[in-house]
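A.B. asks: fold the following.
(2 chains)
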Amino acid sequence: MQTRMFSWIWKGFLMATLTAAIWPSAHAQDLKSFEQKTTVKVLPNGLTIILCERHDAPVFSYSTFIDAGDVDDPSGDSGLAHMFEHLAFKGTSQIGTNDYPDEKIALAKVEAANNAYEAEYLKPVGRDEQKLAELKKAFLAAQAEAHKYVIPNQFTEVAERNGAHGLNAETGLDNTMYFWSMPENRLELWAWLESARLSDTVPREFYKERDVVLEERRMRTDSDPIGRLIEQFLATAYVAHPYGRSSIGWPSEVSQLSATEAMAFHRKYYVGSNVVVAVVGDIKASEAMPMLEKYFSKVPGGPKPEDLTTVEPKQFAEKTVTIREATQPFYIEGYHRPSYRNPDDAVYDAIQDIMSNGRVSRLYRSLVEKQQIAAEAQGFSPFPGDKYPSLFAFYAVPLPGHTPGEMREAIHKEIDKLKTSDVTDAELAMYKTRARADLLRGLADNQGLANAMAEYQTRYGDWRELFLQLNRVDKVTKADIRRVANQVFMPSNRTSAEIDFTTPTAAAKNNGGAQ
Amino acid sequence: MTTLSLRIVCRVLVAGAAFAAMVPPALLPAQQSKPWDQIPIPALHPFNPQQPRRIALKNGIVLFLQEDHELPFVSGSVFIPGGSRDEDPAKVGLVDLYGQAWRTSGTEKMGGDAMDDLLESKAAHIETGGDVDSTSLSWDSLKGDTDQVYALAMDLLFHPKFSAEKLDLAKQQEATGIVRRNDDEGEIAGREAAKLAYGASSPYARQPELSTIATVSVDDLKAWHDRTIGGKLIVAVSGDFDPVAMEARLRATFDALPTAKPLPPRHDAFPGPTPGAYFINKQDVNQSNVQIVGLGTLRSNPDVPVLAVMNDILGGGFGSRLFQKVRTELGLAYAVGGGYGYSYDHPGTFRVVVMTKSASTVDATKAAEAEIAGLTTRPFTQEELKRAKDDILNSFLFLYDTREKVLAERVRLEFYGYPADYLETYKAGLEKVTVPDLERVAKKYIHPDKLAVLVVGNQPEIKPGLEALDLGAVHPVDITIPMPQQGAAAEKKP
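C.D. replies: Residues are numbered from 1 along each chain as shown, chains lettered A, B, ... in the order given. All right, here's what the predicted structure looks like:
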């Protein structure tokens, strides 16, 4: 599940959120050629820089990968990591302000006014409505005062005027990623901008941006039937681990977040040891590295924050969610599976591939082609994250006249086949071939490569694992698939959610009137 | 796999993904030190993007070869003129169905399912698809499989089978898309806005219905294929191949074909929307999707470079007037943007989109309308112009920074009959844009009184109501999905 800085409203976002990036396999030759082009350096503050040279065109792409996401939001503050990500576009003490010393004082007053307002607002008894109104007025006045020092969107303006392309950021449950592409002669300018926003963030216009994020929630979750379903599905599947918590945040919590909390999150998680910066493109590592080191050394050092200690307890009872509304039917189910570090990680990828990839996949051939009950049916994993134990999920979109119950039954039949008989040699070979080809195809894209290198460096401590995971892919056997299917796809380990179409009771009819 | 997706093809593109930057000059103090301006920007490394080799055959067919030896893959596409705008209005959806069933049916020699098995075992693909003005067949494979996959693709191109069974499968997919089309607020808004701009029955906006797809037969698919395959094809191949051998291979396939027959010219009417406020009620949302729409222009219009700069100032990205006002200053929206669109061979649409919580629908709409109207009343500044030009020109490189993009652009220009150096001419035009140009063009093309405002939202929550937009009586739009008479209709009853 991901939320981002800027809306890609022209893209279908369901698929983007349901399909996690998969980067399996490659071979030794590819690795060797990439080792020659790639330089890695860990700075004294713990921050890792990866440079990969590709000289096809005078451009570069970068990815700044923070090993913190909404799973790290403190209890009661869901959505905080995402809120901070929005703040990281608001500028620094040098950019986005016309007088930082005075602005700093004004921002402190905004915080004080917010605290006073919230204290009154949250009083369980004896809230004084008149006082509350006055405090709100004072809060708005403090914001207006601070706004006088703001040069709106100057950070992004400078980036865009210098040719930034595909500028955006994404906050996932596990991590936060900032990225764009630029002409190569702007490398130093980029380094100035990026290192400044990582190390010198100013909580500017926080409360206005909070309203923006609430709009993002309305778009992604509240006003989207699948968004609503997924939020309920995850909240039901997890009882302890924050993978079950709304990733964009519960409205009551997001609306109470403060700039002070966002900056505390920044102090804890935006330390060098928690950051990997990957740059891919027309750069020369021997010249670029010393320059980048100078800028990125500004990021504060500090101990790597501890990972979450909460472990989702073993599920012992099947759970279901049914949403009855005037939306066409939909079915999804998920089974708890281990994290990406589990030795069987590639076995899950194999199951996903064989069940879901293309018109030869088992779910397509069975539900779509043969039984003709679904328009679409797939399994995917890991969901909603990969850093911690997550879910192996299956979903199906019923054809008109067919029900979620039929989807469920048909999916279970296919799962049972995995448990009781081996996949074919052809299926297993196909998975391995496609895994390698997909990896190769991804290598020609600067941005995709930067994202993947930063992610693998963070998750495995070595970007080369992007290639070396081929070894795990190659080792997957038919027996592995059967064993894992029997371990994981158990009814007691299952959570399902469905939308049942129900005619609205108080139908608000549009009475004719076409244009 | 795009053929399996329920996503609806976006038929009307708002031009210009480029972002704009604009800051009210009053807020820019002279004393800000701007340390970023001290950072040196060296000359860009010289770059001459590799152009594909163009080979015009005597029969009118055009081949493009783009070598790229970085990775061991070869891919290709054949573009065939004629698309959904050319289909029989009684059979809307035909081209979508054709695009699916063509590939899934396969050929006499090899059925679609067997083709799936063979290709997937090689991590190769052959796909077909239909668009508004063309259909296409594309393939890609590892280098070692080039010959076999190419032969298979050409068999499919010239000898498709079109089975009734696979047509039915495609119809089921299409029907699923139709009955689900009112579930997603954004999908409703986008589709209905296009219908307002072009007219509900326009070939650029009309939608398939259960009744129109029901009439499509295997014979219709065959007739469509026969009608279009003799057209002016464009064949584009890229990747890790030997150019001499590839040219010979393509010539062996395409040289002997009869002279290509052009499609008859189209004579579409583009009256533009009937101004006013339009409303679609959706009870399960808490955010309104507002679309302010009008007609756009053609890309061949010499004013396009000026319009591109104007769009950047109005509604591109973070720095645009719309973003600065509606999102940053007012906090009324997460998604806001838009501009004056242009398409290659028919008018695009003007479109500004805002999504805001139900209660602020009127405020956000008025704020967006004010920015549109402001194009003709609020003077453009030199600073705005410079920022917009910087935005567009400094990122211009990303239109051709890969060989794939260079190839795709050349194919596009060839398809629509634009000169091969169009991008250079366009860039030169962008560089010349002045503030008086912007003023002239805004006056010429921006007419707030000719725009329609469509809101999809939750009526009881929208306070004040849409009457407060002062656009006269609000026209409700009926989006009920027509259900055919028998069986299917009975199922829908509670």
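
A.B. asks: closest residue of the stretch 401-515 of chain A to chain B?
C.D. replies: A:Ala437 (3.4 Å; Cβ to the nearest Cβ). To be clear about C-beta, it is placed using only N, CA and C from the backbone, and glycine gets the same treatment.

A.B. asks: which of the helices or strands spans that residue?
C.D. replies: Secondary-structure element containing A:Ala437, defined by DSSP states H and E: helix A:425-442.

A.B. asks: can you name the element that comes right after that helix?
C.D. replies: helix A:446-460.

A.B. asks: what about the strands in the stretch 101-250 of chain A?
C.D. replies: Defined through DSSP state E, counting those that start in this stretch, the strands belonging to the stretch 101-250 of chain A, from first to last, are A:165-172, A:176-183.

A.B. asks: which stretch among these comes nearest B:Ile80?
C.D. replies: Relative to B:Ile80, the nearest member of the strands of the stretch 101-250 of chain A by Cβ to Cβ is strand A:165-172, separated by 31.3 Å.

A.B. asks: can the closest one be said to contact chain B?
C.D. replies: Yes - using Cβ under 8 Å from any Cβ of the partner chain, we find that strand A:165-172 touches chain B at A:His165, A:Gly166, A:Leu167.

A.B. asks: what angle do helix A:446-460 and that strand make with each other?
C.D. replies: Strand A:165-172 runs at 30 degrees relative to helix A:446-460, counting by axes from the mean of the first three to the mean of the last three Cα atoms, to 10 degrees.

A.B. asks: what mean pLDDT does strand A:165-172 get?
C.D. replies: Over the span of strand A:165-172, the pLDDT mean works out to 96.

A.B. asks: so how far is that strand from its chain's centroid?
C.D. replies: Relative to its parent chain, strand A:165-172 has a centroid offset of 10 Å by Cα atoms, centre = their mean, to the nearest Å.

A.B. asks: got the angle between that strand and strand A:176-183?
C.D. replies: For the pair strand A:165-172 and strand A:176-183, the angle between their directions (the same axes, to 10 degrees) equals 170 degrees.

A.B. asks: partners of strand A:165-172, with directions?
C.D. replies: Each strand that strand A:165-172 pairs with, and the sense of that pairing, follows from DSSP bridges: strand A:2-4 (antiparallel), strand A:176-183 (antiparallel).

A.B. asks: hey, least reliable of the ones you listed by pLDDT?
C.D. replies: strand A:2-4 (a mean of 61).

A.B. asks: who in the stretch 101-250 of chain B is up against chain A?
C.D. replies: Proximity of the stretch 101-250 of chain B to chain A is confined to B:104, B:112-113, B:116-117, B:120-123, B:142, B:169, B:172-173, B:175-177, B:179-180, B:183-186, B:195-196, B:200 under the rule Cβ under 8 Å from any Cβ.

A.B. asks: and the buried ones among those residues, selectable in PyMOL?
C.D. replies: In PyMOL, the members of these classed as buried (16 or more other Cβ atoms under 10 Å in any protein chain shown) are selected with the following command:
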select buried, chain B and resi 104+112+113+116+120+122+123+142+169+172+173+175+176+177+179+180+183+184+185+186+195+196
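
A.B. asks: out of the residues of the stretch 101-250 of chain B next to chain A, which sit inside strands?
C.D. replies: Restricting these to those inside strands, with DSSP state E as the criterion, leaves B:Leu142.

A.B. asks: the residue of the stretch 401-515 of chain A closest to chain B against B:Ala123, yeah?
C.D. replies: Yes - checked against Cβ atoms under 8 Å, the pair A:Ala437 and B:Ala123 is within contact range at 3.4 Å.

A.B. asks: now for the two: what residues contact both?
C.D. replies: In terms of Cβ atoms under 8 Å, 6 or more residues apart in numbering or on different chains, A:Ala437 and B:Ala123 are both contacted by the residues B:Leu142.

A.B. asks: now, the residues of the stretch 101-250 of chain B next to chain A that are in helices?
C.D. replies: If you go by DSSP state H, these have B:104, B:112-113, B:116-117, B:120-121, B:169, B:172-173, B:175-177, B:179, B:185-186, B:195-196 in helices.

A.B. asks: and stretch B:39-52, what's its mean pLDDT?
C.D. replies: Confidence over stretch B:39-52 (mean pLDDT, whole number) is 96.

A.B. asks: what comes up buried for that stretch?
C.D. replies: Residues of stretch B:39-52 classed as buried: B:Leu44, B:Pro49, B:Pro52 (neighbour count, 16+ other Cβ under 10 Å).

A.B. asks: can you name the residues that contact the residue nearest to B:Met115 when sequence neighbours are not counted?
C.D. replies: Counting by Cβ to Cβ, 6 or more residues apart in numbering or on different chains, the nearest residue to B:Met115 once its immediate chain neighbours are dropped is B:Gly106, at 4.9 Å. B:Gly106 is in contact with B:Gly112, B:Asp113, B:Ala114, B:Met115, B:Leu156, B:Pro160, B:Lys161, B:Ser163, counting by Cβ under 8 Å, 6+ apart.

A.B. asks: could you redo those residues as TSV and give each row pLDDT?
C.D. replies: Listed next are the contacts of B:Gly106 as TSV, based on pLDDT from 0 to 100:
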residue	pLDDT
B:Gly112	98
B:Asp113	97
B:Ala114	97
B:Met115	98
B:Leu156	98
B:Pro160	98
B:Lys161	96
B:Ser163	98
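
A.B. asks: B:Leu393: which of the residues you listed is nearest?
C.D. replies: B:Leu156 (42.6 Å).

A.B. asks: surely the closest one is in contact with B:Glu127?
C.D. replies: No - counting by Cβ under 8 Å, B:Glu127 is not a contact partner of B:Leu156; they are 9.9 Å apart.

A.B. asks: the two: who's more crowded?
C.D. replies: B:Leu156 (24 against 20; other Cβ atoms under 10 Å in any protein chain shown).

A.B. asks: and the more buried one, how far is that from B:Val218?
C.D. replies: Distance of B:Leu156 to B:Val218, given as Cβ to Cβ, to the nearest Å: 16 Å.

A.B. asks: for B:Thr328, report the pLDDT, please.
C.D. replies: In the prediction, the pLDDT value recorded for B:Thr328 is 89.

A.B. asks: and it, how far from B:Leu322?
C.D. replies: Counting by Cβ to Cβ, the gap from B:Thr328 to B:Leu322 is 10 Å.

A.B. asks: okay, now residue 438: neighbour count?
C.D. replies: All of this refers to chain A. Other residues near A:Asp438 number 17, with proximity taken as other Cβ under 10 Å.

A.B. asks: wait, I meant chain B there
C.D. replies: Residue crowding around B:Leu438 was assessed by other Cβ under 10 Å; the count is 22.

A.B. asks: so what's B:His346 up against?
C.D. replies: By Cβ under 8 Å, 6+ apart, the residues touching B:His346 are B:Tyr204, B:Arg266, B:Asp268, B:Phe270, B:Leu298.

A.B. asks: and the nearest residue to B:Pro448 once chain neighbours are set aside, how far is that from A:Phe330?
C.D. replies: In this structure, B:Pro448 finds its nearest non-sequential neighbour in B:Ala373, 4.7 Å apart by Cβ to Cβ, 6+ apart. Remark: distance between B:Ala373 and A:Phe330 (Cβ to Cβ) = 42 Å.

A.B. asks: could you report the pLDDT at the nearest residue to A:Pro300 once chain neighbours are set aside?
C.D. replies: Counting by Cβ to Cβ, 6+ apart, A:Val271 is the residue found nearest to A:Pro300 once chain neighbours are left out, at 5.6 Å. What the model reports for A:Val271 is a pLDDT of 98.

A.B. asks: kindly report the same for the one 3 residues further on.
C.D. replies: As predicted, A:Asn274 sits at a pLDDT of 98.

A.B. asks: give me the neighbour count for it.
C.D. replies: Around A:Asn274 there are 22 residues (other Cβ under 10 Å).

A.B. asks: mind checking how far B:Ala473 is from B:Gly276?
C.D. replies: According to Cβ to Cβ, B:Ala473 and B:Gly276 sit 8 Å apart.
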